[in-house]
Structure formats: structure tokens, C-alpha cells
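A.B. asks: Here is the input, now give the coordinates:
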Amino acid sequence: MAKNKQSFWIDSIEGFAPRIWREPEFKKLGLERDRNKSWLAAINHFISLNQKGFDFLGIRLNTTTEYGTELRLERSNFCGAVTLYSAQGLPCATLISKGTYGEDVAELVSAIGADMSVEFNDKLPLYTDCPIVAPVYLECLKYIDLFIQAERSHWRKFAVTEKIESRTSAGTKWGKYAITHIPSGDKQLLFPNRKNILDNQHSEWLMLIGVLQYALDIINQPNTPVSVKMQQYSKLAWLHSFVQNNKKLHADAMRIAGGDPPIIKELKESANKIIQSRTSQRQSWRVDQAKLYEQFVQFILHKSAKQCGGSTQNNLKIQRTNSKHIAWSLAYLEPDITISLGDVTVIADAKYKSHMYNLNAEKVDTLKEDFRHDLHQVLAYSAFTRTTHKHTFLLYPCTSYQHYAQTFTFNSENAATTAHLIGIPFQVKEIENVASEIASVLRDISSKH
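C.D. replies: Modelled structure (predicted):
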């Protein structure tokens with residue numbers, strides 16, 4: 001590490017407005033003007049050094065000189081953290097992209113068990129303390145995929161072995177022969193010869209099998225999500241059988257040789273991370289905010305349905321059944337949450353949008369068109385429920401719990417749909433209260449059917 005972490009500059013982007021860097025920020029990043037007193041060359045060099053980090057967080061950059069030299073940074077749908085490097089290529093700052101509505105992402109990930117939503121980049125280390133670290137089982141999942149590829153490659157190396165033969169060779173162990181063979185008359189014409197044999201059961205491969213056993217043990221631990229184990233079930237079953245039927249050796253570290261095949265080098269790198277538990281160290285990370293909000297809503301609605309004796313299904317796929325394929329058609333529809341309450345089904349969709357923050361906005365054209373799309377989508381999903389009076393939920397982030405019910409009636413068909421617009425604070429401390437409020441809405445819906 002080139003710098004002490006205390007000297008790092010930590011900056012953040014949050015909300016909807018871009019973050020603007022000017023001369024004070026440029027100096028913190030170690031940038032210098034050129035001989036024409038321009039910042040542009042230094043800024044372009046800085047961007048090129050940090051392009052991978054900016055791309056990882058999806059940050060859009062724009063340099064302007066209209067009001068002095070400025071570098072504008074605009075957020076994407078990701079929140080997360082990356083290290084920034086100075087013009088000298090030294091780590092100098094941590095850039096954090098925060099949640100749009102001020103949510104504490106680390107707290108949310110922990111509370112709702114959304115670890116698998118966090119993406120880590122082990123090629124982009126962090127040099128400051130980070131509340132989110134990569135669990136070791138993620139590296140183990142990577143290792144088992146690499147191991148399967150390596151096993152198919154039938155990696156072989158020359159292994160030194162001893163063979164008793166009736167004639168001498170360049171590899172005859174004369175010292176051993178003198179001690180064990182000459183005194184024994186019947187062995188004087190048998191020679192212990194050293195042989196180099198091309199073998200796929202050499203010591204390094206057996207050590208990699210030993211690491212595989214360790215990786216499988218980690219994946220089987222209780223803190224690994226059940227969904228992860230289920231997704232990998234057939235693969236894990238085969239690997240468990242493989243480990244049981246093959247020899248293995250303990251490894252404290254795997255030495256990476258220049259002549260190793262590329263897949264073996266990658267496998268050894270992963271093995272060393274698992275052995276040293278290096279995935280617990282700090283790495284750049286990101287979370288898709290919309291996906292995290294969807295999981296947050298699913299978590300709450302599961303609690304709400306449970307309070308009413310109901311159940312939920314997440315991301316239920318409504319399959320297309322006709323055989324004729326159209327290139328631009330949809331293969332399936334996928335509502336975020338389906339709530340079942342006896343004979344009543346409620347379709348719910350989570351939308352990470354600002355509608356509930358703009359209930360009294362003066363300019364509403366864009367909001368109206370966006371809401372029209374959301375409403376039409378959830379109404380299409382509800383067409384598959386059996387009741388004549390259907391209910392749908394559209395759930396948006398909000399500062400406090402809000403509930404607005406809007407009923408659309410088709411009198412000639414004696415049919416109606418009530419769209420429940422629900423605002424949810426995107427905070428862990430509000431989970432229980434919001435779950436209870438929505439449970440009350442579900443009980444009211446159930447009582448009318």
C-alpha cells in the first residue's frame with residue numbers, strides 16, 4: 001500500500017444531482033496544471049487511470065470549461081465503492097456512490113440477506129475501511145467452476161517414482177541398492193530405478209483436490225444461503241462424490257509456475273485466496289439499487305402475507321405457451337411478487353422511482369407517462385388472477401409509509417381492479433411497521449372476497 005489509509009480522501013455521490021469537482025478536488029487527487037495552466041491534460045490522464053473503476057460503478061463523466069474547469073460525475077443505477085488513483089498511479093481516494101434516497105446499503109444487505117446481490121471486483125482493491133466484504137463462499141463458488149474446467153483438461157505433470165527393474169538405468173539409486181539389495185542375495189539383480197512418469201495424479205493436483213474439499217465444506221456451512229446451495233445442487237453432489245473417490249493432500253499455499261496452463265494458474269490463484277481467506281479483505285463492490293429495492297419489498301411482503309396466513313412467490317414466470325416464435329415477443333411475464341390469500345391473488349411490483357417523493361409536483365407529464373407504463377404492466381399481470389375484482393400493488397420508495405387505493409371499474413363486464421399505490425421508507429428500522437401496515441391492507445382485501 002503506497003499510502004496510509006488515514007491520508008485518503010473519501011468523496012461520495014448521492015441523490016440525483018451530479019458531483020462536481022473543481023480545483024480544490026483536483027489538488028486532493030494530486031492533479032497538476034500543464035505549462036499553459038490548463039487542467040484538461042491532467043484530468044484526461046486521471047480518467048484513463050481510473051476508467052475501470054468508473055465503469056464498474058457505471059459513473060458517467062463530463063469535462064466542461066464554461067465556468068472554469070469542472071469534472072462532472074453522474075451516478076448510474078449502481079451504488080458502491082472504488083479506489084481512485086493519482087497521476088502517479090498511487091491510490092489516493094475512495095469514491096462512494098450512495099443510494100439515491102439516502103438508504104444505508106450495507107445495513108439493508110445484512111438485514112434482508114441480500115448478500116448475493118453484491119458484486120465484488122477482486123481486481124479493484126479498496127484501501128479504506130468498508131462495511132461490505134466479500135464472503136468466502138463466493139470465492140469457493142468460483143473455485144468449483146474453475147476446478148471442473150481444470151479437471152476436464154486432464155492436467156498432467158512428470159512425477160518422480162521408483163520402480164524395481166532387472167537392469168540399471170541413469171536413475172538407479174545406487175545408495176539404496178548397496179544398503180538393501182546387495183546384502184540380500186535374491187535382490188542383487190534387481191535395481192531401484194528412479195522414473196519420471198507423466199501422471200495426472202501428481203502432488204499439485206492432489207493438493208488442489210484438498211482445497212476443493214475445503215471449499216465444499218465452506219459452501220455447506222449454515223451461513224451460506226440455502227438458495228445458493230440449491231442452485232448448485234447437482235454440481236455440488238458430483239464434486240462431493242469426486243472428492244470421496246480421489247486422493248487429496250493438504251496445501252498451505254499453491255505455487256504458481258510460469259509453465260502452468262492458464263486454467264491451472266487461475267485455479268491456483270483462487271485456491272490461495274480460499275486458503276488465506278483473502279476474500280474477507282476489502283474489494284470494490286457495487287449493488288444494483290433497483291434490484292436491492294425489489295428484494296427489500298419482497299422481504300416485507302413475505303412478512304405481511306405471513307401475518308395474514310398467506311404466502312408469496314417471488315419472480316413467478318408466466319410462460320408463453322404458443323409454439324410460433326416472434327423475434328420481438330416476450331417468452332414470459334415476471335411480476336416481482338405474487339401474494340396468495342386463499343382464493344385471492346394480489347400481484348405486486350416494486351419500482352425504484354421517485355413518484356412518491358413528487359406527490360405535489362408542478363410538472364407531472366414525465367411522471368404521468370412513467371406511471372402509466374407501471375400501471376399498465378401490473379394490470380397486465382393481474383389479468384391472470386381469477387377474481388372479478390382484482391388487486392395490484394405498486395410499491396415506491398418514500399419518506400414515510402403511504403397508501404393510496406385507486407379503483408378502475410369496467411361496468412359492462414362487472415369487473416374492477418384496484419391499484420394500491422404504496423410508499424415505503426427504504427430503511428431497515430421501518431420494516432416491521434411497514435409489514436404490519438401492508439398486512440392490514442391484505443386483511444381488508446381478503447375480507448371482501
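A.B. asks: Please count neighbours and contacts with C-alpha atoms only from this point.
C.D. replies: Noted.
A.B. asks: Residue 31 - nearest residue in space that isn't next to it in sequence?
C.D. replies: In space, and not counting its chain neighbours, residue 31 is closest to residue 42: 5.9 Å by Cα to Cα, 6 or more residues apart in numbering.
A.B. asks: is it true that the one you found lies in a helix?
C.D. replies: Yes: judged by DSSP: H, G, I helix; E, B strand; the rest coil, residue 42 forms part of a helix.
A.B. asks: Could you pull up the contacting residues of it?
C.D. replies: 31-34, 87 (Cα atoms under 8 Å, 6 or more residues apart in numbering).
A.B. asks: Find the residue at the geometric middle of the chain.
C.D. replies: In the chain, the residue lying closest to the centroid (Cα atoms, centre = their mean) is residue 119, at 3.1 Å.
A.B. asks: Show me where the stretch 101-250 of the chain has its strands.
C.D. replies: For the stretch 101-250 of the chain, the strands defined by DSSP state E, counting those that start in this stretch occupy 118-125, 157-165, 191-199.
A.B. asks: got the ones you listed as CSV, with mean pLDDT and distance to residue 368 columns?
C.D. replies: What follows is those, written out as CSV (pLDDT from 0 to 100; distance: least, Cα to Cα, whole Å):
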stretch, mean pLDDT, distance to residue 368
strand 118-125, 85, 32
strand 157-165, 75, 67
strand 191-199, 77, 69
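A.B. asks: Go through these and name the closest to residue 223.
C.D. replies: Residue 223 lies closest, by Cα to Cα, to one member of these: strand 118-125, at 15.9 Å.
A.B. asks: quick one: low-confidence parts of the stretch 251-400 of the chain?
C.D. replies: For the stretch 251-400 of the chain, the stretches with pLDDT under 70 are 278-281, 323.
A.B. asks: Likewise for the stretch 1-150 of the chain?
C.D. replies: 1-7, 115-116, 133-134.
A.B. asks: Quick one: residues in contact with stretch 92-105.
C.D. replies: Under Cα under 8 Å, 6+ apart, the answer for stretch 92-105 is 3, 7-16, 29-30, 57, 75, 78-86, 126-128, 289, 397, 426-427.
A.B. asks: leaving aside the residues next to it on the chain, what's closest to residue 367?
C.D. replies: Closest residue in space to residue 367, ignoring its immediate chain neighbours: residue 355 at 6.7 Å, by Cα to Cα, 6+ apart.
A.B. asks: and that neighbour, what does it touch?
C.D. replies: Contact analysis of residue 355 by Cα under 8 Å, 6+ apart lists 367, 371, 396.
A.B. asks: let's see it at 10 Å
C.D. replies: The neighbours of residue 355, taking Cα atoms under 10 Å, 6 or more residues apart in numbering as the test, are 361, 364, 367-368, 370-371, 395-398, 421, 423.
A.B. asks: out of those residues, which are buried?
C.D. replies: In the contacts of residue 355, burial by neighbour count holds for 371, 395-398, 421, 423, counting by 16 or more other Cα atoms under 10 Å.
A.B. asks: which two from these end up farthest apart in space?
C.D. replies: The two members of these with the most space between them (Cα to Cα) are 371 and 398, at 15.4 Å.
A.B. asks: Which stretches in the stretch 301-449 of the chain count as helices?
C.D. replies: All helices of the stretch 301-449 of the chain, identified by DSSP state H, counting those that start in this stretch, fall at 365-382, 431-447.
A.B. asks: So for residue 211, which of the ones you listed sits nearest?
C.D. replies: helix 431-447 (40.5 Å).
A.B. asks: which helices and strands does the closest one pack with?
C.D. replies: With contacts defined as 3 or more Cα pairs under 10 Å, 6 or more residues apart in numbering; DSSP states H and E, helix 431-447 has these neighbours: helix 289-307, strand 337-341, strand 344-350, strand 389-397, strand 402-410, strand 415-424.
A.B. asks: Mind doing that once more with 8 Å?
C.D. replies: Contacts defined by 3 or more Cα pairs under 8 Å, 6 or more residues apart in numbering; DSSP states H and E place helix 431-447 against helix 289-307.
A.B. asks: C-alpha coordinates for the helix it packs on, CSV please?
C.D. replies: Output of helix 289-307 as CSV, limited to C-alpha atoms (Å, rounded to 0.1, in the frame of the first residue of the first chain):
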residue,chain,number,x,y,z
GLN,A,289,-30.3,-0.3,-6.4
ALA,A,290,-33.4,-1.3,-8.2
LYS,A,291,-32.7,-5.0,-7.6
LEU,A,292,-32.0,-4.4,-3.9
TYR,A,293,-35.2,-2.4,-3.6
GLU,A,294,-37.1,-5.3,-5.2
GLN,A,295,-35.6,-7.7,-2.7
PHE,A,296,-36.4,-5.3,0.1
VAL,A,297,-40.1,-5.2,-0.9
GLN,A,298,-40.2,-9.0,-1.4
PHE,A,299,-38.8,-9.4,2.2
ILE,A,300,-41.5,-7.1,3.6
LEU,A,301,-44.4,-8.6,1.7
HIS,A,302,-43.4,-12.1,2.8
LYS,A,303,-43.7,-10.8,6.4
SER,A,304,-47.1,-9.2,5.6
ALA,A,305,-48.5,-12.2,3.9
LYS,A,306,-47.3,-14.5,6.8
GLN,A,307,-49.2,-12.3,9.3
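A.B. asks: Check which residues of that helix are buried.
C.D. replies: Of all the residues in helix 289-307, those buried under the rule 16+ other Cα under 10 Å are 289, 291-307.
A.B. asks: Give the burial count for the residue nearest to residue 19 when sequence neighbours are not counted, as a bare number.
C.D. replies: Nearest residue to residue 19 in three dimensions, chain neighbours excluded: residue 73, at 5.1 Å (Cα to Cα, 6+ apart). Number of residues near residue 73 (other Cα atoms under 10 Å) recorded here: 18.
A.B. asks: Residue 73 touches residue 17, doesn't it?
C.D. replies: No: if you go by Cα atoms under 8 Å, residue 73 and residue 17 don't touch, sitting 9.1 Å apart.
A.B. asks: domain ranges for the chain?
C.D. replies: 5-98, 134-156+205-280, 158-199, 288-447 (automatic domain parsing).
A.B. asks: Can I get the ones you listed in JSON lines including distance to residue 108?
C.D. replies: Formatted as JSON lines, those follow (distance: least, Cα to Cα, whole Å):
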{"stretch": "domain 5-98", "distance to residue 108": "13"}
{"stretch": "domain 134-156+205-280", "distance to residue 108": "15"}
{"stretch": "domain 158-199", "distance to residue 108": "50"}
{"stretch": "domain 288-447", "distance to residue 108": "6"}
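A.B. asks: so which of these comes closest to residue 111?
C.D. replies: Each of the domains of the chain was scored for nearness to residue 111 using Cα to Cα, and the closest is domain 288-447 (6.9 Å).
A.B. asks: Could you list the residues in contact with stretch 216-229?
C.D. replies: By Cα under 8 Å, 6+ apart, stretch 216-229 touches 136-137, 140-141, 236, 240.
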